[in-house]
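> just coords:
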């Protein structure tokens, strides 16, 4: 932890005052990571509970439809995640909160139009009812609005309030769906219930963000103009590549596997999601540092190191706890017990990939996304040609993700090191 040197005074909010000008204390506070971890884990636990109980209440066939549409819902969150990253990055650089919220509303309007057009497409491709497809897709505009407020809090480094929004959104999204399933509703009603919960969460997020003083970028920076939709599209391209690679196997499983095996694969993929999202707080807290050239290289290395350690723990935990899974999900899922460690490994690799791609978004660099898109094409092709069983499918997905992740980590580490060198040379 930094200490005050001569002429420095610690101000409110954990900032150092030097000569009357605020300076950022960029080393992440353990409390920040803890709060965001708690909020993210609350949301993730709620999501995992929904999937586990849905797997039991809907059965393998019904859960296959439900899980595939949840995967589509995740893909539709790409614009929301991109918006959050752009808002946080630009607030760090000096943009205003009002401009950030205006961008969020414009993005929500565009997403609404796209959602309406996609409903019949999703219904036809996944062989599900239009009502179920609509329930999955209509949540996207609400998620955009929620993420806009999360970006405001993240860029303003209000991590305690951000944790509240993260956890609250996850719980409010899941609770109506669990109630619907408990009362005997099918996948379509449950998906509409999640959409309703997200719209309620958007209202709550706005109230929390509006009531929370924003510290701003922490530097004496002039206000800059908020970039338009092009910046969000560039970030969305990176996020879309990541989300597609993390979800395509679950979607394709419904096409290449039997309904029963597709349902089992969907349940096994919960281990992937746990390993993927468990260290989410690392990227959230370190992202503002990644957006600053002076700290970017160190922030990237720190993030990847922590993600690697968490991933190892997740894989070992999945291997040890695998015999317990059928007790929660039902004995019909016993065939995947021996493969849960591989599902977790897939998720751990995706978490590392996410950390690497976040560093690219932080400096508005989108080239690494092209490598991810290539990996996606290779994975779909390999699955279509060779994966006709559950073990073959998860093995193919994991191998492709491992190769893509290793290649992109090398690229971003080299780029960050070059950027730090250039910054030091220019500052000398």
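Happy to help now that I have it. Predicted model only: the values in this text are computed from it and were never measured.
> where do the strands sit along the stretch 1-150 of the chain?
All strands of the stretch 1-150 of the chain, identified by DSSP state E, counting those that start in this stretch, fall at 8-10, 16-18, 21-23.
> per-residue confidence for the closest residue to residue 129 other than its chain neighbours?
With sequence-adjacent residues excluded and distances taken as Cβ to Cβ, 6 or more residues apart in numbering, residue 129 is closest to residue 188, at 6.0 Å. C-beta coordinates here come from the backbone N, C-alpha and C atoms, glycine included. Note on residue 188: pLDDT of 91.
> so residue 188 is in which element?
Element membership for residue 188 (DSSP states H and E) is helix 187-211.
> Report all helices and strands that that helix contacts.
Packed against helix 187-211, as judged by 3 or more Cβ pairs under 8 Å, 6 or more residues apart in numbering; DSSP states H and E, are the following elements: helix 30-76, helix 130-137, helix 139-155, helix 159-182.
> gap between the shortest one and the chain center?
Think helix 130-137. Computed by Cα atoms, centre = their mean, to the nearest Å, the chain-centroid distance of helix 130-137 equals 22 Å.
> mind listing what's buried in it?
By neighbour count with 16 or more other Cβ atoms under 10 Å, helix 130-137 contains the buried residues 132, 133, 134, 135, 136, 137.
> Excluding chain neighbours, what is closest to the fifth one?
Of all residues beyond its chain neighbours, the one nearest residue 136 is residue 69 (4.0 Å), with distances taken as Cβ to Cβ, 6+ apart.
> what sits against the one you found?
Neighbour list for residue 69: 122, 126, 128, 132, 133, 135, 136, 187, 191 [criterion: Cβ atoms under 8 Å, 6 or more residues apart in numbering].
> And residue 387, by the same measure?
Residue 387 neighbours (Cβ under 8 Å, 6+ apart): 256, 393, 396.
> and the first one, what is it in contact with?
With contacts taken as Cβ under 8 Å, 6+ apart, residue 256 has the following neighbours: 383, 384, 387, 388, 393.
> Just flag the most distant two among those.
Farthest pair in these (Cβ to Cβ) is 384 and 393. Separation: 10.8 Å.
> Name the residue in the two with the higher neighbour count.
Remark: of residue 384 and residue 393, residue 393 carries more neighbours, 25 against 12, as counted by other Cβ atoms under 10 Å.
> Surely the more buried one is in contact with residue 382?
No - in this structure residue 393 lies outside contact range of residue 382 using Cβ atoms under 8 Å: 9.7 Å.
> so residue 130 sits right up against residue 124, yeah?
No - using Cβ under 8 Å as the test, residue 130 is too far from residue 124 to be in contact (9.3 Å).
> is it true that residue 77 touches residue 243?
Yes - between residue 77 and residue 243 there is a contact at 7.1 Å, judged by Cβ under 8 Å.
> shared neighbours, the two?
Counting by Cβ under 8 Å, 6+ apart, nothing touches both residue 77 and residue 243.
> Looking at stretch 363-376 now, give me its mean pLDDT.
Mean predicted lDDT for stretch 363-376 stands at 86.
> What lies in contact with that stretch?
89, 231, 234-235, 237-238, 240-242, 244-245, 248, 290-291, 293, 296, 353, 356-357, 360, 400-401, 403-404, 407-408, 411-412, 415, 419.
> Wait, a strand at residue 300?
No - the assignment for residue 300, made by DSSP: H, G, I helix; E, B strand; the rest coil, is helix rather than a strand.
> What pLDDT does the model give it?
pLDDT at residue 300 comes out at 89.
> OK, contacts around it?
Counting by Cβ under 8 Å, 6+ apart, residue 300 has contacts 290, 355, 356, 359, 412, 413, 416.
> and which of the buried residues of helix 130-137 is nearest residue 149?
Scanning the buried residues of helix 130-137 for proximity to residue 149, where the rule is Cβ to Cβ, the winner is residue 137, at 21.2 Å.
> Give me the nearest residue to the closest one, chain neighbours excluded.
Computed as Cβ to Cβ, 6+ apart, the closest residue to residue 137 that is not its neighbour in sequence is residue 115, at 4.5 Å.
> So that neighbour sits against residue 133, correct?
No - counting by Cβ under 8 Å, residue 115 sits too far from residue 133 to count as a contact (9.9 Å).
> Would you report the backbone torsion angles of residue 157?
When read as degrees, to the nearest 10, the backbone of residue 157 gives phi 60, psi 40.
> Start the count at 7 instead of 1 going forward.
Sounds good: first residue 7 from here, last item residue 163.
> just checking, it touches residue 292?
No - at 11.6 Å, residue 163 does not count as touching residue 292 under the criterion of Cβ under 8 Å.
> gap between the nearest residue to residue 208 once chain neighbours are set aside and residue 290?
Residue nearest to residue 208 in three dimensions, not counting chain neighbours: residue 151, with 4.1 Å by Cβ to Cβ, 6+ apart. Applying Cβ to Cβ, to the nearest Å, the value for residue 151 to residue 290 is 18 Å.
> Is it correct that residue 343 is in contact with residue 327?
No - contact criterion Cβ under 8 Å: residue 343 and residue 327 do not qualify, at 10.1 Å.
> Quick one: residues contacting the residue nearest to residue 50 when sequence neighbours are not counted.
Closest residue to residue 50 apart from its sequence neighbours, by Cβ to Cβ, 6+ apart: residue 283 at 5.1 Å. By Cβ under 8 Å, 6+ apart, the contact list for residue 283 reads 46, 50, 353, 357.
> can you pull the contacts of residue 352?
278, 281, 400, 403, 404, 407.
> Touching, the second one and residue 351? I think so.
Going back to what we said before, that points to residue 281. Yes - if you go by Cβ under 8 Å, residue 281 and residue 351 touch, sitting 7.5 Å apart.
> okay, these two: which has more neighbours?
More crowded of residue 281 and residue 351, by other Cβ under 10 Å: residue 281, with 26 against 23.
> sec struct for the closest residue in space to residue 312 that isn't next to it in sequence, please.
Sequence neighbours aside, residue 288 is the residue nearest to residue 312 in space, at 4.9 Å (criterion: Cβ to Cβ, 6+ apart). Counting by three-state DSSP, the backbone at residue 288 sits in helix.
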